[in-house]
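J.: just need the structure, nothing else, for what follows:
(one chain, ligands or ions: 1)
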Amino acid sequence: MLQSTIKQFPSSTGIYLPPGASKRGPIHDGVVSVALGQQQATSFDGEQLSFNVIFTVLQGLGQLNGRAFGLPTPIYLIYCGTIEFSCRQIREPTDGAISFNLVANCLAMRVLEDLPTPCLLIDERRMEANLEQMAIKADGVGLRPHTKTHKSVALAKRQQLRGAVGITVAKVSEAEIFVQNGFDDVRIAYTLVGDQQLRRLADLSSQARISFCVDTKEGAHLASSVLGKTGVSIDVLLEIDTGYGRCGVPYNSNEVVELALELNELEGLRLCGILTHEGNAYSHNALNATEVMAQTRDRMLDVAVRLAEAHCAEAATFEISMGSTPSINVFENNSKGGFCITEVRPGNYIFNDLTQVALGVCSLDACALTVLSTVVSRHRTSRGTERFILDSGRKVLTSDSVRDKPGYGCILYNPRTRVAHPHTRITGLSEEHGWCEVQGGGTFSVGDRVQIVPNHACVVVNMMDKIFLVDGSTVLSEIPVDARGCVI
Ligand SMILES: Cc1ncc(COP(=O)(O)O)c(C=O)c1O
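T.: This next block holds a predicted model:
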């Protein structure tokens, strides 16, 4: 960072520039708006000021070699004269009160053009809006977000700040990452089988409250045989199939009570509740998400009442967990026999994606995650359409599709407003190439960059080591995908 020297200049008309800044590097004339977001500055009398700063560079933006200033390259310099800025001050600064810190921040700023592609971007405002909306929807029930969508400690902390009571993961290795980073209530919403995983689970239970799922007698006995030897007792949730048809004891079978009674007898396990994942909320041709939500909720409450009758559950302490983004988006609680749903576990909502858009859960405008990609080739096809190739293939966008819809993501015409490109389709993928077709005349040139809303955000994130948090075209920070590839 540049040395911070306080310089005087008249407020709201200009900004101090380091000597020689205008004399280096290629200069592109034009009007460029740069939103810097929240900035801190120090006034002459030592007061800390906060600004929301938007600079409009009226005469140009100069790029120069940042090494001259000991900064990462490339950096951007506001190189000459007239710069307008508007400050929404938390406190009114006196004339000439803005410190050189502000200039130093500007110089260190990165913009989208600085990022090598392909890479992932999170639009911070959209993500924060998604988090806030879900916190409101989950008011009155515990929110335990599934972190498989972002696999990131920093983003799970943001969910905690919005009131999450704990987090959900799918695998022990993910739980290890989050526990190492201070999370003290981690639910593994997965039927864990495997001696090694169970021993690691026992180790983790000394540092945090850990729970996991069981849905078969065999699984329960295998877990008990390992955990019993370690001397710890771990919370288990009996997984119930409420209609999705993946894991879980069928909600209406006798097995529910039989397995609960058996779990109560097994060493190393403590039955603390029931859990379901209503993945059938993603089905287009059966019930809609509101109907799936109500059906799941009521089936889970019925199971709880039956377990209470068999003395396996007490309403005051028994946990009842359900969760998927489409159903929790329309969640309403209910009660039966003193039981109600105690927690919800949506995951995808933090970013949303084309799958949620296709289901009507959200609009394209609420999709926070995009893939930034570059056009690396362009040719006209014999059919008269234009084909261009992006540097994002299957290893970035993944081959997940949106049910009944062709294509591998939505290219945005305007990333700021999330308006889709009307004539462009990503029609195919090979490992490192995205094949796109444009009807009629092409509008893309080699070197152009596009932002793509992916079909399925959760799998795309797992393809990358980090994601860039952005505000428009300003890069705010890098977020590591801490639990990337944790599948064991
Ligand atoms: C067990 C479990 N719980 C919760 C979720 C979260 O669902 P969604 O991604 O729809 O929010 C999933 C998603 O796969 C899941 O498998």
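J.: got any ranges where the stretch 351-488 of the chain has weak pLDDT?
T.: Within the stretch 351-488 of the chain, the stretches with pLDDT under 70 are 441.
J.: show me where it has its strands.
T.: Secondary structure of the stretch 351-488 of the chain (DSSP state E, counting those that start in this stretch): strands at 369-380, 386-390, 410-414, 419-420, 424-429, 434-438, 449-453, 466-471, 474-480.
J.: in JSON lines: the ones you listed, plus distance to the ligand and mean neighbour count.
T.: (C-beta placed from N, C-alpha, C; glycine too.) Below are the strands of the stretch 351-488 of the chain laid out as JSON lines (distance: least, CB to the nearest ligand atom, whole Å; neighbours: other CB atoms under 10 Å):
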{"stretch": "strand 369-380", "distance to the ligand": "13", "mean neighbour count": "19"}
{"stretch": "strand 386-390", "distance to the ligand": "26", "mean neighbour count": "22"}
{"stretch": "strand 410-414", "distance to the ligand": "19", "mean neighbour count": "19"}
{"stretch": "strand 419-420", "distance to the ligand": "23", "mean neighbour count": "14"}
{"stretch": "strand 424-429", "distance to the ligand": "22", "mean neighbour count": "19"}
{"stretch": "strand 434-438", "distance to the ligand": "24", "mean neighbour count": "22"}
{"stretch": "strand 449-453", "distance to the ligand": "16", "mean neighbour count": "23"}
{"stretch": "strand 466-471", "distance to the ligand": "17", "mean neighbour count": "19"}
{"stretch": "strand 474-480", "distance to the ligand": "19", "mean neighbour count": "16"}
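J.: what's the closest of the ones you listed to Gly194?
T.: Among the strands of the stretch 351-488 of the chain, the nearest to Gly194 by CB to CB is strand 474-480 (26.9 Å).
J.: now for that closest one, which elements pack on it?
T.: Judged by 3 or more CB pairs under 8 Å, 6 or more residues apart in numbering; DSSP states H and E, strand 474-480 is in contact with strand 32-42, strand 110-111, helix 153-161, strand 466-471.
J.: now distance to Ala189 too, for the strands of the stretch 351-488 of the chain, in a markdown table please.
T.: Formatted as a markdown table, the strands of the stretch 351-488 of the chain follow (distance: least, CB to CB, whole Å):
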| stretch | distance to Ala189 |
| --- | --- |
| strand 369-380 | 22 |
| strand 386-390 | 34 |
| strand 410-414 | 29 |
| strand 419-420 | 33 |
| strand 424-429 | 30 |
| strand 434-438 | 32 |
| strand 449-453 | 26 |
| strand 466-471 | 23 |
| strand 474-480 | 23 |
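J.: wait, isn't Pro250 in contact with Tyr244?
T.: No. If you go by CB atoms under 8 Å, Pro250 and Tyr244 don't touch, sitting 10.9 Å apart.
J.: looking at those two, which one has more neighbours?
T.: Higher neighbour count among Pro250 and Tyr244: Tyr244, with 18 against 15, using other CB atoms under 10 Å.
J.: what residues are up against the more buried one?
T.: Under the criterion of CB atoms under 8 Å, 6 or more residues apart in numbering, the contact partners of Tyr244 comprise Thr276, His277, Glu278, Gly279, Asn280.
J.: could I get the full set of helices for the stretch 51-200 of the chain?
T.: When secondary structure is read from DSSP state H, counting those that start in this stretch, the stretch 51-200 of the chain shows helices at 101-108, 124-137, 153-161, 172-180, 195-204.
J.: what lies in contact with the fourth one?
T.: Judged by CB under 8 Å, 6+ apart, the contacts made with helix 172-180 from elsewhere in the structure are 147-148, 151, 153, 156, 167, 169, 186, 188, 192, 197, 200-201, 204, 207-208, 210, 482-483, 486-488.
J.: of all the helices of the stretch 51-200 of the chain, which one is nearest Asn334?
T.: Nearest of the helices of the stretch 51-200 of the chain (CB to CB): helix 124-137, 15.2 Å.
J.: separation between Cys340 and Thr424?
T.: Here Cys340 is placed at a distance of 47 Å from Thr424 (CB to CB, to the nearest Å).
J.: my error: substitute Leu143 in the last question.
T.: 37 Å.
J.: what bridges to the closest residue to Thr381 other than its chain neighbours?
T.: If you skip the residues right next to it in sequence, Thr381 has Arg387 as its closest partner in space, 5.1 Å away by CB to CB, 6 or more residues apart in numbering. Beta bridges link Arg387 to His379, Glu437, judged by DSSP bridges.
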